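Chemist: Using only what follows, build the 3D model:
(chains A, B, C and D)
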Protein chains: 2
Amino acid sequence: MVTSQRRERERAQRETLIVNAAREMAEADGWPAVTVRRLAERIEYSQPVLYSHFAGRGAIVDAVALQGIGELAEALEAARAGAEPGAELAAVAQAYLDFATGHPAVFEAAFTLAEGLPFGPDAPEVLKAGFAPLFAVFAPLAGDHDPEAVTEAGWAAIHGLAVLARDGRLRPEHQEERLAVVLEKFTGR
Amino acid sequence: MVTSQRRERERAQRETLIVNAAREMAEADGWPAVTVRRLAERIEYSQPVLYSHFAGRGAIVDAVALQGIGELAEALEAARAGAEPGAELAAVAQAYLDFATGHPAVFEAAFTLAEGLPFGPDAPEVLKAGFAPLFAVFAPLAGDHDPEAVTEAGWAAIHGLAVLARDGRLRPEHQEERLAVVLEKFTGR
DNA sequence: CTCGGATGTCTAGCGGTGCTAGAATTTTGT
DNA sequence: ACAAAATTCTAGCACCGCTAGACATCCGAG
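Modeler: Alright, predicted model coming up:
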C-alpha cells in the first residue's frame, strides 16, 4: 500500500524525464528529430511506456508547450516587476522576444505545434498567467478602447515580430528598431 | 524536334496540376492529408513522376506557398489601389486578414510550412511584390524612423493578429476592435 | 513461505510515410 | 523497321506513430 505512493512518485519523475528529454532533443535537432522511437531509446524504456504516460507524440509536444508557456509567463512577469517605472512595456516586450530566440523549439511547440491545448474561457491557469503581465503593461494604454482588446493587439504586434524574425522574413540587423517602432506607436510617442 | 516543345508545355501543365491538387487537398483536409501517395493517385500518375517535377514533398509545399504569396501580393495591391484616400492602410490590413482566414492552408504553407524559400536580398520577385503595398501604406507613417523598419513593424502587427487569431489564441468576436487598435496606434489616432 | 493475481514492461508487428533503384514501356530519330 | 533515348511504373527500403499480446515482476492472502 505504502509502496504505491513511491510508484506514483517514480511515475511522475519519469514523466518529467520524458518531457525534458523531448525538449532537449527538439532544441538540439528540431522537432522532426523527436520521434517516439528515439525518445524511448533516450530515456531507456520501450516505446509503449511513453504511451502509458501520454496519449501520443502530440501530447508530449503539448506538455513541452505548456511547460514553456509557464516559463514564458514567469519571464514576462519577472521583466515587468524588475523594470524601471515607465519602462515596463519595453522590458516585457524584450523578454518575449528573448524567449522566442532563446528557446526556439519550445516557442515553436507553444505557438505552432501544440494542438491539444485548450484556449479561450477554459484555458489552463498557466495560459492566463502568461496573459497577465501583458495586460498589466498594455491596459494603461487603452484609452477608450477595451483594455483586453488593446492587450491582444499589443501581444499580436510583439508576437508577429518574433515569428517573422524567426522565419527569416525580416532583416535581422533591424530587430531593435522594429521593436522601438512598435513601442513608440503603442505608447503614443 | 517540334514535339519537344509540346512535351515541355505538357510538363509545365502537369506541374501546375500537381500544385493545384496539393493546394486543394490541403485546403480541404489539411496539410497532413497531402501525402505523396494520395497526390499521385489524385493526378493519376505514379509517385516517381512527382519526384521528376519536385525535389520532394517539401518542394511541393513551397510551390503552393509561392503561388499563395503571389496571390496575397495581388490582393494587398488591389485593396490599396481600390481604397478611398486615407483608408489605404485599413484596406490593406483587412485584405491581409481576409486572405489568412480565407485560405488558411495556403497561408500556413507560406508562413509556417515553407522551408526552402529564399528570403532576404535574394528573395524571388513575388516576395518583394508582396512587401510593396505594405511599404506604400506604412512608409508615410515613418516619421523619423527608417520607413522599411516601420513597414516591417506594421506587417508584424497585422501578421500577429492573423496567426494568433487562426490558432484560437484571441477572442474571435473582438477581431475587428483589435485591428482598429493597431490601425489607430500606427496612424497616431 | 508459497503462490495466484495484478501490475508493469517488452517484443514484435501493422499500416502508413517519403523516397528511389531498376524494370518495363513508350517515343524518337535514323 | 529498329535501336536509342526518354519516360513511366512496379516494387521495395527505412522509418514513422501506434498497439496487441507475450513476458516478467511485484504484491498480498493463506
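Chemist: Which strand or helix spans the residue of chain A found nearest chain B?
Modeler: Per Cβ to the nearest Cβ, residue A:160 is where chain A lies closest to chain B, at 2.9 Å. Every C-beta, even on glycine, is put in place using the N, C-alpha and C of the backbone. For residue A:160, the host element (DSSP states H and E) is helix A:147-166.
Chemist: what angle do that helix and helix B:147-166 make?
Modeler: Relative orientation of helix A:147-166 and helix B:147-166, computed by axes from the mean of the first three to the mean of the last three Cα atoms, to 10 degrees: 110 degrees.
Chemist: Against which helices or strands is the helix or strand following helix A:147-166 packed?
Modeler: The C-terminal neighbour of helix A:147-166 among helices and strands, as given by DSSP H and E, is helix A:175-187. The contact analysis (3 or more Cβ pairs under 8 Å, 6 or more residues apart in numbering or on different chains; DSSP states H and E) places helix A:175-187 against helix A:88-102, helix A:147-166, helix B:147-166, helix B:175-187.
Chemist: Quick one: mean pLDDT over the second one.
Modeler: Just to be clear, that refers to helix A:147-166. Confidence for helix A:147-166, expressed as mean pLDDT, is 98.
Chemist: which element is residue A:59 on?
Modeler: Residue A:59 belongs to helix A:57-81, assigned by DSSP H and E.
Chemist: That helix near chain B at all?
Modeler: No. Using Cβ under 8 Å from any Cβ of the partner chain, helix A:57-81 never reaches chain B; the gap is at least 10.8 Å.
Chemist: Quick one: name the residues of chain A near DNA strand C.
Modeler: A:7, A:45, A:46, A:47, A:48, A:49, A:52 (Cβ under 7 Å from any atom of the strand).
Chemist: Let me see the contact set for the residue most central in space within chain A.
Modeler: The centroid of chain A falls nearest to residue A:69 when counting by Cα atoms, centre = their mean (3.2 Å). With contact set as Cβ atoms under 8 Å, 6 or more residues apart in numbering or on different chains, residue A:69 has these partners: A:110, A:126, A:127, A:130.
Chemist: still on that earlier bit, how big is the angle separating the helix holding residue A:160 from helix A:88-102?
Modeler: Between helix A:147-166 and helix A:88-102, the angle comes out at 40 degrees (the same axes, to 10 degrees).
Chemist: Return helix A:147-166 as CSV; C-alpha atoms alone will do.
Modeler: Provided in CSV are the C-alpha atoms of helix A:147-166 (Å, rounded to 0.1, in the frame of the first residue of the first chain):
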residue,chain,number,x,y,z
PRO,A,147,-8.2,47.1,-22.4
GLU,A,148,-8.2,43.4,-23.2
ALA,A,149,-8.5,44.1,-26.9
VAL,A,150,-5.6,46.5,-26.7
THR,A,151,-3.6,43.9,-24.9
GLU,A,152,-4.4,41.3,-27.5
ALA,A,153,-3.4,43.8,-30.2
GLY,A,154,-0.1,44.6,-28.5
TRP,A,155,0.6,41.0,-27.9
ALA,A,156,0.0,40.3,-31.6
ALA,A,157,2.4,43.0,-32.6
ILE,A,158,5.2,41.6,-30.5
HIS,A,159,4.3,38.0,-31.4
GLY,A,160,4.4,39.0,-35.1
LEU,A,161,7.9,40.4,-34.7
ALA,A,162,9.0,37.2,-33.0
VAL,A,163,7.7,34.8,-35.6
LEU,A,164,8.6,36.8,-38.7
ALA,A,165,12.1,37.3,-37.4
ARG,A,166,12.4,33.6,-36.5
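Chemist: what's the angle between that helix and helix A:175-187?
Modeler: 170 degrees.
Chemist: Could you check how far residue A:26 is from DNA strand D?
Modeler: To DNA strand D, residue A:26 is 11 Å away according to Cβ to the nearest atom of the strand, to the nearest Å.
Chemist: Skipping adjacent residues, who's closest to that residue in space?
Modeler: Closest residue in space to residue A:26, ignoring its immediate chain neighbours: residue A:105 at 3.8 Å, by Cβ to Cβ, 6 or more residues apart in numbering or on different chains.
Chemist: and the one you found, what element?
Modeler: Per DSSP H and E: helix A:104-108 holds residue A:105.
Chemist: Mind checking what helix or strand follows that helix in sequence?
Modeler: As assigned by DSSP H and E, the chain's next helix or strand after helix A:104-108 is helix A:125-138.
Chemist: just checking, what packs against that next one?
Modeler: Looks like helix A:125-138 contacts helix A:57-81, helix A:88-102, helix A:147-166 (3+ Cβ pairs under 8 Å, 6+ apart).
Chemist: Could I get the buried residue list for that helix?
Modeler: Across helix A:125-138, burial judged by 16 or more other Cβ atoms under 10 Å in any protein chain shown covers A:126, A:127, A:129, A:130, A:131, A:133, A:134, A:135, A:136, A:137, A:138.
Chemist: residues in contact with it?
Modeler: Identification of contacts with helix A:125-138 by Cβ under 8 Å, 6+ apart yields A:66, A:69-70, A:72-73, A:76-77, A:79-80, A:88-89, A:92, A:117, A:119, A:147-148, A:150-151, A:153-155, A:186.
Chemist: 6 Å - rerun?
Modeler: A:69-70, A:72-73, A:76-77, A:80, A:88-89, A:92, A:150-151, A:154-155 (Cβ atoms under 6 Å, 6 or more residues apart in numbering or on different chains).
Chemist: that older thread, any chance of the contacts of residue A:69 in a markdown table, plus distance to residue B:98?
Modeler: Formatted as a markdown table, the contacts of residue A:69 follow (distance: Cβ to Cβ, whole Å):
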| residue | distance to residue B:98 |
| --- | --- |
| A:110 | 27 |
| A:126 | 32 |
| A:127 | 28 |
| A:130 | 29 |
